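>>> Quick one, fold the following:
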Amino acid sequence: MFILANKFLETLEMYKLITLLFVVLIGSFELSAQQDPQFSQNMFNKLANNPGFAGSRNVIATSVLHRSQWLGFGDDGSAAISTQNFSIDAEIPILSGGLGLNVVKDNIGEFSNLGLQASYAFRTQLGIGQLGLGISAGIFQSGLNGGALRPSQSGDIVIPTGDVKGSNLDIGAGAYFNTQDLYIGLSSAHMTEPTIEWSNGQDYNLERHYFLIAGYFKELNSVLSLNPSVYLKSDGSTSQLDINTNLIYTNQNNNQMWGGVSYRLDEGLILLAGMDLTNDLRFGIGYDITTSSPLNNSLELMLGYNFKIKSDKSISKYKNPRFL
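Down below sits the predicted model:
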């Protein structure tokens with residue numbers, strides 16, 4: 001009885017910590033749009049922004065997301081912004097942690113970004129959960145197809161006349177703590193604020209970004225659960241906040257279906273839905289409804305697959321969290 005009471009108190013303290021961090025960060029920054037790619041199903045691709053997440057589950061986890069943003073704004077009626085994200089991570093016991101790989105490709109009109117990050121997270125038990133301290137390193141490449149632009153005034157030396165590209169080293173770091181029912185992560189990307197020099201001599205500067213993710217899993221009954229979460233990203237002067245809630249149905253085969261809604265501050269609502277197609281394969285969809293203009297709506301698709309890791313060692317319950 002005393003053990004259960006202590007565990008409850010520890011979980012309650014962690015929940016209070018999440019609330020405190022949330023309030024402090026919200027009060028520190030003006031909320032508006034951000035430069036890094038945004039994802040509506042952020043609860044399913046935590047490695048994209050936090051290397052401390054690597055190896056936090058007892059599986060080899062893969063995830064692919066495709067996002068079409070501002071549908072109908074492209075020259076041919078397509079999306080003005082198209083983003084793809086691929087991630088894979090696994091626990092590596094011999095390294096006392098986990099390894100991960102994250103690839104993000106972002107096209108904004110004639111402007112393009114490509115990020116490739118390899119991650120390592122040292123994992124250790126902390127109270128009733130586990131803590132991952134991670135670092136990521138890789139390259140960030142940006143480019144602009146200046147020849148496809150249609151400037152209002154010709155001869156502007158600032159606008160490239162052809163396709164220009166450049167790349168530089170990119171480093172990130174993060175901490176991720178989780179129990180079976182709760183998670184919280186703090187991380188930073190572009191820590192060295194690298195300057196990318198395009199092939200025409202112009203510079204493109206990356207701003208350091210900060211991320212907070214937190215969520216809680218509440219079992220309502222034997223088949224229904226509630227998963228509220230928050231996602232905050234900031235460059236130190238402007239920020240973007242998502243408040244998410246998913247209702248999860250779990251059948252007798254332990255497969256799940258979920259539906260929910262997110263509110264993105266100052267932008268609009270996001271409808272979320274998904275299901276486990278098999279025990280290891282899941283599919284999700286997110287549709288952004290921008291309140292300022294219906295033409296700014298966006299569509300996001302997610303596909304994830306988990307490869308089971310065979311192990312003879314006993315797995316503590318906090319090593320297999322519900323957030324998959």
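
>>> Can you tell me the SS state at Asn306?
Under the three-state scheme (DSSP: H, G, I helix; E, B strand; the rest coil), Asn306 adopts strand.

>>> Is it bridged to anything, and to what?
As for beta bridges, Asn306 partners with Ala61 under DSSP bridges.

>>> Am I right that it is in contact with Phe44?
No - using Cβ atoms under 8 Å, Asn306 makes no contact with Phe44, being 11.7 Å away. The C-beta positions use only the backbone N, C-alpha and C, and glycine is treated the same way.

>>> Between those two, tell me which one has more neighbours.
Phe44 (22 against 18; other Cβ atoms under 10 Å).

>>> any idea how far the more buried one is from Thr83?
14 Å (Cβ to Cβ, to the nearest Å).

>>> can you map out the helices along this structure?
2-28 (DSSP state H).

>>> Point out where it drops to low pLDDT.
For the chain, the stretches with pLDDT under 70 are 1-35, 71-79, 146-162, 292-296, 310-324.

>>> hmm, try it at 80
Within the chain, the ranges that satisfy pLDDT under 80 run 1-35, 70-80, 109-110, 144-164, 198-202, 204, 291-296, 309-324.

>>> Which phi and psi values does the residue nearest to Asn279 when sequence neighbours are not counted adopt?
Distance criterion Cβ to Cβ, 6 or more residues apart in numbering; nearest residue to Asn279, sequence neighbours excluded, is Asn255 at 6.6 Å. The phi/psi pair for Asn255 (degrees, to the nearest 10) reads phi -90, psi 150.

>>> beta partners of Leu116?
Per DSSP bridges, the residues bridged to Leu116 are Val103, Ile139.

>>> How about the contacts made by Ile171?
Ile171 makes contact with Ile135, Ser136, Ala137, His190, Met191, Thr192, according to Cβ atoms under 8 Å, 6 or more residues apart in numbering.

>>> Most neighbours of all these, which one?
Of all the contacts of Ile171, the highest neighbour tally under other Cβ under 10 Å goes to Ser136, namely 28 neighbours.

>>> Surely Met257 is in contact with Asn246?
No - between Met257 and Asn246 there is no contact under Cβ under 8 Å: 10.2 Å.

>>> Among those two, which residue is more densely surrounded?
Set side by side, Met257 and Asn246 show more neighbours around Asn246, with 23 against 14, by other Cβ under 10 Å.

>>> nearest residue to the more buried one other than its sequence neighbours?
Asn246 sits nearest to Gly260 (Cβ to Cβ, 6+ apart), 3.5 Å away.

>>> The one you found: neighbouring residues, count only.
Quick note: Gly260 (other Cβ under 10 Å) scores 20 neighbours.

>>> any idea how far it is from Met191?
From Gly260 across to Met191, the span is 32 Å (Cβ to Cβ).

>>> Likewise for Ser87?
19 Å.

>>> what's the distance between the nearest residue to Leu182 once chain neighbours are set aside and Thr291?
Leaving aside its sequence neighbours, Leu182 sits nearest to Tyr216 (Cβ to Cβ, 6+ apart; 5.2 Å). As judged by Cβ to Cβ, Tyr216 and Thr291 stand 27 Å apart.

>>> Which one's more surrounded, those two?
Neighbours were counted for Tyr216 and for Thr291 using other Cβ under 10 Å; Tyr216 has more, 19 against 11.
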